[in-house]
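Participant: need coordinates for the following:
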Amino acid sequence: MSGYSLAQAELGGAILTGARLPGADLSGADLSGADLAGANLSGADLSGADLYQAKMAGADLSGCKLGNADCTSADMRGVRLTGARLAGAKLAGVKLAEAKMNAADLPDCDLSDSDLRGVEMSGANLCRANLTGTNLAGANLFSANMSYANLHRANLSDARMAAVQLRNANLDDACMKGVDLTGADLTRARMAGVDLRGSCLFSSLLAGTELPGANLDEVEMSHARLVKANLAQASFVAADLWSVRIRGCLFAGADFSGARLAGSGLSEEETLTQFPDIRFDDKTQWDEPGHRKR
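Facilitator: The predicted structure follows:
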């Protein structure tokens, strides 16, 4: 049925397991509850389609048009969505674990409370997407655009996020343990209470970033740039801030116990003068006085 037109078709609950529908026009079709597991829908037009609770595990949807489609609570585990266009699609509660979504276009999508564990989304566009409470543990988000995305309470533990764009994103209370954020842009991101323990922020940019109460214990942060970031009450226990560029940041109440601060411009005397309530211990490695102005 390659290239067939099934626009506006009533296919709710249909059994289409393994169907071959590459390039088919299914725009506006009712496929709610349909079984499309293992189907070939590559290049198909599913714009505005109703895929509520559809079973699509293992289906090939590469290059598909899914703009404004309703995929709420659908089973899309292991699907291929490489290069698919999903602008404005409803994907709340969807199962997308292990899906291949490299270079997919998902601006303004609702992916709240969805399962995206181990998903491949390198180069994907998730600008302004709603990812509240979404599970992205172990996901590959290399160079993805997540600017203005809402990731409140999301689980991003062990995700690969090198070179990711998170400008103005909401990451409040997110779990980001063990995340690779090498070269990431976190300009003006909201990250209050975020858990970044053991993560890598090598050469990342945190300009105007809000991180009050964040847990940055044992992070690798060398060569990062911290410009006017709010790090009040943040924990940097055993963190590596070697040669970090720091300018105009707030560290009130921060904990630098066991932290490596050489080359950062944070000398003991100057830092305590400005922030007398910070915590440290005999293992804190301060920078030399006057080494670099903040």
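Participant: extract the CA atoms of the lowest-mean-pLDDT helix or strand in the chain and return them as PDB.
Facilitator: The least trusted helix or strand in the chain, going by mean pLDDT, DSSP states H and E, turns out to be helix 268-274, with a mean of 92. Output of helix 268-274 as PDB, limited to C-alpha atoms (Å, rounded to 0.1, in the frame of the first residue of the first chain):
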ATOM      1  CA  GLU A 268      40.600  31.500  50.500                       C
ATOM      2  CA  GLU A 269      41.000  35.000  51.800                       C
ATOM      3  CA  GLU A 270      39.200  36.800  49.000                       C
ATOM      4  CA  THR A 271      36.300  34.300  48.800                       C
ATOM      5  CA  LEU A 272      35.700  34.400  52.600                       C
ATOM      6  CA  THR A 273      35.700  38.200  52.600                       C
ATOM      7  CA  GLN A 274      32.900  38.200  50.000                       C
END
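Participant: check the offset of it from the chain's centre.
Facilitator: Taking the mean of its C-alpha atoms, helix 268-274 sits 35 Å from the chain's own mean (Cα atoms, centre = their mean, to the nearest Å).
Participant: what sits up against it?
Facilitator: Phe251, Ile278, Phe280, Thr284, Trp286, Pro289 (Cβ atoms under 8 Å, 6 or more residues apart in numbering). Quick note: C-beta positions are derived from backbone N, CA and C, even for glycine.
Participant: what's the neighbour count on the fourth one?
Facilitator: Right, Thr284. When neighbours are defined as other Cβ atoms under 10 Å, Thr284 has 21 of them.
Participant: again with the last one
Facilitator: Counted with other Cβ under 10 Å, the burial measure for Pro289 works out to 10 neighbours.
Participant: show me what the closest residue in space to it that isn't next to it in sequence bridges to in the sheet.
Facilitator: Leaving aside its chain neighbours, Pro289 sits nearest to Ser267 (4.3 Å; criterion: Cβ to Cβ, 6 or more residues apart in numbering). According to DSSP bridges, the residues that bridge with Ser267 are Asp287.
Participant: go on, Lys90?
Facilitator: Residues in beta-bridge contact with Lys90 (DSSP bridges): Asp70, Asp110.
Participant: ok, Asp180 next?
Facilitator: Arg160, Cys200.
Participant: for Leu206, same thing?
Facilitator: Going by DSSP bridges, Leu206 forms beta bridges with Leu226.
Participant: next up, the contacts around it.
Facilitator: By Cβ under 8 Å, 6+ apart, the neighbours of Leu206 are Leu186, Thr187, Ala189, Ala224, Arg225, Leu226, Val227, Ala229.
Participant: so among the residues you listed, which ones count as buried?
Facilitator: By neighbour count, with 16 or more other Cβ atoms under 10 Å, the contacts of Leu206 hold Leu186, Thr187, Ala189, Ala224, Leu226, Val227, Ala229 as buried.
Participant: closest to Ala7 out of these?
Facilitator: Taking Cβ to Cβ as the measure, Ala7 sits nearest to Ala189 out of the buried ones among the contacts of Leu206, at 41.1 Å.
Participant: I'd say the closest one and Glu210 touch.
Facilitator: Yes: taking contacts as Cβ atoms under 8 Å, Ala189 lies within contact range of Glu210: 7.2 Å.
Participant: three-state assignment of Gln233?
Facilitator: At Gln233 the chain is in coil, as set by DSSP: H, G, I helix; E, B strand; the rest coil.
Participant: please list all residues in contact with it.
Facilitator: If you count contacts by Cβ under 8 Å, 6+ apart, then Gln233 has Pro212, Gly213, Ala252, Gly253, Ala254 around it.
Participant: now the third one: how far from Cys175?
Facilitator: It stands for Ala252. Distance, Ala252 to Cys175, using Cβ to Cβ, to the nearest Å: 25 Å.
Participant: more crowded one of these two?
Facilitator: Between Ala252 and Cys175, counting by other Cβ under 10 Å, Cys175 is the more crowded of the two (22 against 15).
Participant: run through the bridge partners of that one.
Facilitator: Asn155, Asp195.
Participant: touching, it and Asp195? I think so.
Facilitator: Yes: between Cys175 and Asp195 there is a contact under Cβ under 8 Å: 5.1 Å.
Participant: any stretches of the stretch 151-294 of the chain with poor pLDDT?
Facilitator: Applying pLDDT under 70 to the stretch 151-294 of the chain picks out residues 290-294.
Participant: with that, I have no additional questions.
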